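Trainee: Task: produce atomic coordinates for the following.
(chains A and B)
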Protein chains: 2
Amino acid sequence: MNIESYIRDVPDFPKKGIVFKDITPLLACPEAMKDTADALAAPFAGKGIDLVAGVEARGWIFGSLLAERLEAGFVPIRKPGKLPYKKISRTYGLEYGTNTIEIHTDAVQPGQSVLMVDDLLATGGTMSAACNLVKELGGTIAACTFVIELCFLPGREVLKEYEIHTLLEIQGE
Amino acid sequence: MNIESYIRDVPDFPKKGIVFKDITPLLACPEAMKDTADALAAPFAGKGIDLVAGVEARGWIFGSLLAERLEAGFVPIRKPGKLPYKKISRTYGLEYGTNTIEIHTDAVQPGQSVLMVDDLLATGGTMSAACNLVKELGGTIAACTFVIELCFLPGREVLKEYEIHTLLEIQGE
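Mentor: Just a heads-up that it's a prediction; the model follows:
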């Protein structure tokens, strides 16, 4: 399947000069979604993945599909104030300002193998913070997997301690 | 399956006096997730559902599983400023203040049959606004389906023009 044909470029979003990679045409096509989820899951079949963790919000769309394929639990990592139970948080830097994400303290048991998923690898800041949350609970990062990688951004370098999988690598800015 | 045994009551969240229904134990259990998604999808098998629409963020976890089971496209309905393409929005009242949700204008074609999904039916305000977005684009609401219904809140009355399905009905406050 040619995933790229299902990704729409939206110029100047969220701000002037940025070309946003819009995955909604992919989501709208059942065959393309199935093929994408199959391709995301394939490297991890039989690899003993206990949990799939996805960062709110777009990571959840693929996260639950991936968890089902791998017969793993699904762990939602959320924006602040959303998770109701005991939790820990990480704050990380953005181009301007900071973001915080949170995870329930009982979401990962020590020694569990956790596959991290998101739709897009850009700067890697969110995924790095998400991995740190999982590790703080004693989990092992099996790999980080993404539908799209923006290769002109430093995401892969930021996440260099982890195994990285991406389905569509976009070279040009 | 007894879904209720996978739902955790968290008292006084998000504010004092509210008992929050926490679905993360359900998400953590692959068998419970599979059974829940199967049960959500079952009434709609072979009913010609073209699209499954879920409201950010928890609705997406079940939304993609449901779309896959029904061989339908998935439509993300989002909080303001998140969708990159041409869109329409609806603002609706909350207990204090208002919320706004948005949908891409090309997400639904006139005449398509759309199944609406969320994890929790409470006041029905968000789902009502989401249905109005889909109808504004010419879609037909096949039904609204939820994992949990809080029967002591007026959600079912607010959505009375639609077919409603829920898996777990919670009577007491």
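Trainee: mind listing what residue A:52 touches?
Mentor: A:63-64, A:66-67, A:70, A:72-75, A:114-117 (CB atoms under 8 Å, 6 or more residues apart in numbering or on different chains). For every residue, glycine as well, the C-beta is placed using N, CA and C.
Trainee: Among those, which are located in helices?
Mentor: Among these, DSSP state H puts A:63, A:64, A:66, A:67 in helices.
Trainee: ok, and the most crowded of these?
Mentor: Counting neighbours by other CB atoms under 10 Å in any protein chain shown, residue A:63 leads these with 31 neighbours.
Trainee: ok, and the closest non-adjacent residue to that residue?
Mentor: residue A:54 (2.9 Å; CB to CB, 6 or more residues apart in numbering or on different chains).
Trainee: Pretty sure that neighbour sits in a strand.
Mentor: Yes: counting by DSSP: H, G, I helix; E, B strand; the rest coil, residue A:54 is located in a strand.
Trainee: Parallel or antiparallel, list what pairs with the lengthiest strand in chain A.
Mentor: The residue-count maximum for a strand in chain A (DSSP state E) belongs to strand A:140-150. When sheet partners are counted by DSSP bridges, strand A:140-150 sits next to strand A:113-121 (parallel), strand A:164-170 (parallel).
Trainee: buried residues in the shortest one?
Mentor: Burial within strand A:164-170, assessed by neighbour count using 16 or more other CB atoms under 10 Å in any protein chain shown, is assigned to A:164, A:165, A:166, A:167, A:168, A:170.
Trainee: Residue B:151: which of those is nearest?
Mentor: Nearest to residue B:151 out of the buried residues of strand A:164-170 is residue A:167 (CB to CB; 43.1 Å).
Trainee: Please tell me I have it right and the closest one contacts residue A:3.
Mentor: Yes: applying CB atoms under 8 Å as the test, residue A:167 and residue A:3 come out as touching, 5.7 Å apart.
Trainee: Now do the shared contacts for these two.
Mentor: A:36, A:147, A:148.
Trainee: quick one: which of these has the most company?
Mentor: Ranked by neighbour count (other CB under 10 Å), the shared contacts of residue A:167 and residue A:3 have residue A:147 at the top, with 26 neighbours.
Trainee: Mind telling me what element residue A:127 is part of?
Mentor: In this assignment (DSSP states H and E), residue A:127 forms part of helix A:125-136.
Trainee: Next one: the most centrally placed residue in chain A relative to chain B, how far apart?
Mentor: Among the residues of chain A, the one closest to the centroid is residue A:118, at 1.7 Å (CA atoms, centre = their mean). Between residue A:118 and chain B the distance is 13 Å, computed by CB to the nearest CB, to the nearest Å.
Trainee: Wait, that residue touches residue A:55, no?
Mentor: Yes: contact criterion CB under 8 Å: residue A:118 and residue A:55 qualify, at 5.5 Å.
Trainee: Quick check: neighbours shared by the two?
Mentor: What both residue A:118 and residue A:55 touch, as defined by CB under 8 Å, 6+ apart, is the set A:126, A:127.
Trainee: From one end of stretch A:67-86 to the other, what's the distance?
Mentor: Terminal residues of stretch A:67-86 are spaced 23 Å apart (CA to CA, to the nearest Å).
Trainee: Near chain B, which residues of chain A are found?
Mentor: Neighbours of chain B within chain A, by CB under 8 Å from any CB of the partner chain: A:8, A:10, A:13-14, A:20, A:22, A:24, A:27-30, A:33-34, A:37, A:51, A:56-58, A:60-65, A:67-68, A:71-76, A:78, A:81-85, A:104, A:107.
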